[in-house]
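# What follows is a predicted structure for the sequence shown.
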Protein chains: 2
Amino acid sequence: LTIGVFDSGVGGLVMARAFRAALPAHDFLYLGDSLHVPYGPRSAETVYRLTLRAVDYLCRQDCELIVIACNTASASALRLIQQEYLPQNYPDRRVLGVIVPTIEAVAAGHYKRVGLLGTAFTVGSGVYAEELQKIDPQLKLHARAAPLLVPLAEYGALHHAQPVLEEYLAPLLEADIDSLILGCTHYPLFRPLIEKILPAGVRVISQDEAVPPKLTGYLKRHAALDARLKKNGKFRALLTDVTPSYHATGARLFGADVAFEKVAL
Amino acid sequence: LTIGVFDSGVGGLVMARAFRAALPAHDFLYLGDSLHVPYGPRSAETVYRLTLRAVDYLCRQDCELIVIACNTASASALRLIQQEYLPQNYPDRRVLGVIVPTIEAVAAGHYKRVGLLGTAFTVGSGVYAEELQKIDPQLKLHARAAPLLVPLAEYGALHHAQPVLEEYLAPLLEADIDSLILGCTHYPLFRPLIEKILPAGVRVISQDEAVPPKLTGYLKRHAALDARLKKNGKFRALLTDVTPSYHATGARLFGADVAFEKVAL
């Protein structure tokens, strides 16, 4: 049994790399739905259907634990998958998202005016606002959809990101945020640029830092599950569509060459 | 029987609007594969399969004449559809692309150093180079993939386009082009910005201008086909995924509200 990591494209490789660094002995199976990337602008119904299909595929590939690394997919589908789909179809499997671990990082920092950059879908879903409200009703969330960041990352055009980031961050700076959630797997790439725009003292909450310790903690609390997981340090990456440019993007995001295998879900 | 117009997303509405202006009495059925937009970064095999499925759908919807408005889909699939798929499956239907009409516009202008902006797929396919070579072996094509233009158009971020266009056009200006093909349905939106960057005298070849007269000419030469086409001035727009933001994008591209219907292919 293996840990599955699902993302809408190759962006989740940033998370996969962080998971491997935290759990170097564990095997990981990465699945990127590059046939349908980006998920951010698509409808709720479509994102839910695509996410369910991917989780089902990973379950059939003997993943006992699956991390949905994509915020859009987490926002759309995680609750229904955990509460209905898994109990009915794979009661012995576990699926985790990235949003709750991120909220926990905000809670630990006692932030009061939290900024969020995310896809149009993630921001529109209101999931972050809802979850933050639960931990602290006084907390104010200032969310901004940042749809150009994924293509800027995917096409290696970070040198055009500065004015785009300035526009997205302007209303958040005006609201005097004390912290900023990077609510999409691609956004850690923009962190150095974002930190130059943010005033000193605004804390950046990046999921490649916030989520891996939560995964490690989860496996410690579920030792029986952890004992069943393969630990050969292996990494396999599956994509639903493969082009030569994915290798370049994969190398850029992952920091190493990735041998992608094409699969049909 | 109706004229079908196919594009990978809502970008082809620019072309549909131009077709309606040229043929106001004709009925049009628009199909945008918004579930898989953008086609540009995907693999040849995937673009071919998706285009075939869309053409098949439009044939079953009683489209006798189908225009593939998407350059990526035209570059990938048009020849095989015309030479194999239609003869075997729908011998009485006709499918036209946008690339050959564009090449004819270049030929008519006797240009010698032609620039091309297109998706990574269109530029990588070499179709424009190949077709231009046929009309004039002396002609030099200077092609540049422009992957950020589609997201800039789709997300209404034209105000960020200037530095991106300057980067894409720099090698073409260095090559002293005398004309520039806008090789993607979204690009006419950037025309005013592009014309400010280009030196005076460089002619812009835009498909929303170049292709409609070719369609009109085709129908004049095929009067029997034209006589069978419905002429109630009706326009229907189908998408494979519909979100509220498509209405805004549709209105921006089409210049009018579009009532999208969701279909599964």
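Here it is on my side, so go on.
# residues touching the residue of the stretch 101-250 of chain A found nearest chain B, list them.
Ranked by CB to the nearest CB, the top residue of the stretch 101-250 of chain A for proximity to chain B is A:P151, at 4.0 Å. The way it works is simple: take the backbone N, C-alpha and C, and place the C-beta from them, glycine included. Neighbouring residues of A:P151 by CB atoms under 8 Å, 6 or more residues apart in numbering or on different chains: A:P38, A:A157, B:P147, B:L148, B:V150, B:P151.
# Settle this for me: the second one is touching B:V164, isn't it.
Yes. The pair A:A157 / B:V164 is scored as a contact, 7.5 Å apart, by CB atoms under 8 Å.
# Give the residues shared as contacts by those two.
What both A:A157 and B:V164 touch, as defined by CB under 8 Å, 6+ apart, is the set B:L148.
# Tell me where the stretch 151-265 of chain A has helices.
Secondary structure of the stretch 151-265 of chain A (DSSP state H, counting those that start in this stretch): helices at A:161-174, A:191-197, A:207-221, A:223-228, A:244-254.
# can you list the ones you listed in TSV and add mean pLDDT and distance to B:A264?
Converted to TSV, the helices of the stretch 151-265 of chain A look like this (pLDDT from 0 to 100; distance: least, CB to CB, whole Å):
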stretch	mean pLDDT	distance to B:A264
helix A:161-174	98	34
helix A:191-197	97	39
helix A:207-221	96	33
helix A:223-228	97	38
helix A:244-254	78	27
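# any chance of these in JSON lines, plus mean neighbour count and distance to chain B?
Converted to JSON lines, these look like this (neighbours: other CB atoms under 10 Å in any protein chain shown; distance: least, CB to the nearest CB, whole Å):
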{"stretch": "helix A:161-174", "mean neighbour count": "16", "distance to chain B": "6"}
{"stretch": "helix A:191-197", "mean neighbour count": "14", "distance to chain B": "14"}
{"stretch": "helix A:207-221", "mean neighbour count": "17", "distance to chain B": "22"}
{"stretch": "helix A:223-228", "mean neighbour count": "12", "distance to chain B": "35"}
{"stretch": "helix A:244-254", "mean neighbour count": "18", "distance to chain B": "6"}
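# could you dump these to CSV with distance to B:C70?
CSV is the format used below for these (distance: least, CB to CB, whole Å):
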stretch, distance to B:C70
helix A:161-174, 26
helix A:191-197, 33
helix A:207-221, 35
helix A:223-228, 47
helix A:244-254, 19
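# Of all those helices, which one is nearest B:L198?
B:L198 lies closest to helix A:161-174 among these, at 22.3 Å (CB to CB).
# That closest one packs against which elements?
When contacts are defined as 3 or more CB pairs under 8 Å, 6 or more residues apart in numbering or on different chains; DSSP states H and E, helix A:161-174 packs onto strand A:113-118, strand A:140-145, helix A:149-154, helix A:191-197.
# for chain B, what are the nearby residues on chain A?
Counting by CB under 8 Å from any CB of the partner chain, the residues of chain A close to chain B are A:34-36, A:41-43, A:46, A:120, A:147-148, A:150-152, A:154-155, A:157, A:160, A:163-164, A:167, A:241-243, A:245.
# Write the PyMOL selection for whichever of those are buried.
The PyMOL selection below is limited to those of these classed as buried (16 or more other CB atoms under 10 Å in any protein chain shown):
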select buried, chain A and resi 34+35+36+41+42+43+46+120+147+148+150+151+152+154+155+157+160+164+241+242+243+245
